[in-house]
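> the sequence and its predicted three-dimensional model are supplied below.
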Amino acid sequence: IQAVMRYMGLPAAQRRLTFYCEGINYWPHLEGLLKQILATSDIPVCYITSDAKDPGLSYQHKNLQTFKINEGFIRNYLFENLQTEVMVMTMPDLHQYQVKRSKHPVHYVYVQHSLVSLHMIYRKGAFDHFDSICCAGEHHKKEIRAMEKTYALPKKNLIEHGYARLDSIIKNAQGKQKQANKPRHILIAPTWGENCTIESGIGEKIIDQLIDAHYKVTLRPHPQTIKFANDKIRSILSKHQNNDLFHYEGNVAGQESLHASDVMICDWSGAALEYAFGLKKPVLFIDVPRKVNNKDYQEIGIEPFEVSIRDKIGCVLAADGDVVTAIENLKPIEANTSYYYKNANVNGAKAILNLLTKTS
């Protein structure tokens, strides 16, 4: 409550621009944008997070004020009464559930935290209540325009933003001498959901097969899998955690395992796209059912990007297929870089600062 009072008590000039972050795993998607705005303008910025471990809380800058506000009633009250010119966030479903648009005029900007399409994995209407959408690539622009046309929605401001995490992965890969790992290092990084690789039990069988074949394996589950399917994680850890070939990574904010591994095993996670485009390494997709949170996704008539791109950045393996043979047969990929915009932080900061001049 004190943080809410402190924020709401600021003079209007000090809270023209506000960022909201759900937690540590989303910081990498907002960090560069925040720092670029602070570096290239004198605009005061407020940064609100619901996670005490969020690195944004400890970032120091004369024009930055940070606030820790828990999820739940207090946060929902703040959102409904928010008085800021521009609100930047990477949490979809604004105004669909507990988190509402403010009763005051606020321009809401959505920042992508994945390269996947916007109409299958996300819930229907997830972006309807934003004023501006940061697009990672042309596919996002086409999808938003198709949704607007199909559902007679007001036209949004679309920003050719790019994808900061991908820029960061590419930058961090420069100068790293890539040695072929012996044994080969397999990164398992699926998405979450009842039919997905870990939750369905397929993940444990795959890890067993890989360890038996003397591959090095890193398991990097989605934060939501850790939260909702911890029994599956514990079962894998109890079996393999003392094996030198096995490593568990419980934080998806870092990049080390992406750079260190040779192949990713995935299902419908956007991490596969980051891996292939950022590092030009192949992905083995486990053919579990599509992750569909919008059963009407076909209404806009566009094949989701994460479906159409699969055979260009790796291959698809049946859920009961021979994972060892599939890995050995994976071909190197030439990931096309035309799928996304470059220099996300520069593009995004310019667009947001431009919005502030329009709202003032």
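Yep, that arrived.
> how close does residue 149 get to residue 135?
Applying CB to CB, to the nearest Å, the value for residue 149 to residue 135 is 16 Å. Any C-beta I mention is one placed from the backbone N, CA and C, and that applies to glycine too.
> more neighbours: those two, which one.
Between residue 149 and residue 135, residue 135 has the larger neighbour count (other CB atoms under 10 Å), namely 25 against 12.
> what's near enough to touch that one?
Contacts for residue 135 (CB atoms under 8 Å, 6 or more residues apart in numbering) come out as 112, 141, 144, 158-161, 341.
> skipping adjacent residues, who's closest to it in space?
Of all residues not flanking residue 135 in the chain, residue 141 sits nearest, at 4.9 Å (CB to CB, 6 or more residues apart in numbering).
> ok, the one you found touching residue 157?
No. Using CB atoms under 8 Å as the test, residue 141 is too far from residue 157 to be in contact (11.3 Å).
> so which bits of stretch 37-57 are buried?
Using 16 or more other CB atoms under 10 Å as the test for burial, stretch 37-57 gives 37-38, 41, 43-51, 54, 56-57.
> what comes into contact with that stretch?
By CB under 8 Å, 6+ apart, the residues outside stretch 37-57 that reach it are 3, 7, 10, 13-24, 27, 30-31, 34, 59, 61, 63-71, 75, 78, 84, 349, 352-353, 356.
> so for the host helix or strand of residue 356, what's the average pLDDT?
Per DSSP states H and E, residue 356 falls inside helix 344-359. Averaging pLDDT along helix 344-359 gives 94.
> same deal with stretch 316-332?
94.
> swap in stretch 290-306?
On average, stretch 290-306 scores 96.
> what do you get for stretch 253-271?
The average pLDDT within stretch 253-271 is 93.
> against residue 338, how distant is residue 309?
12 Å.
> repeat that for residue 55.
32 Å.
> and residue 20, which of the three is it?
strand (DSSP: H, G, I helix; E, B strand; the rest coil).
> which residue is the nearest non-sequential neighbour of it?
Counting by CB to CB, 6+ apart, the residue nearest residue 20 is residue 89, at 4.4 Å.
> equivalent analysis for residue 284, please.
residue 265 (4.9 Å).
> and if you look at residue 21?
Nearest to residue 21 is residue 49, by CB to CB, 6+ apart, at 4.5 Å.
> measure the one you found to residue 280 for me?
Applying CB to CB to residue 49 and residue 280 gives a distance of 33 Å.
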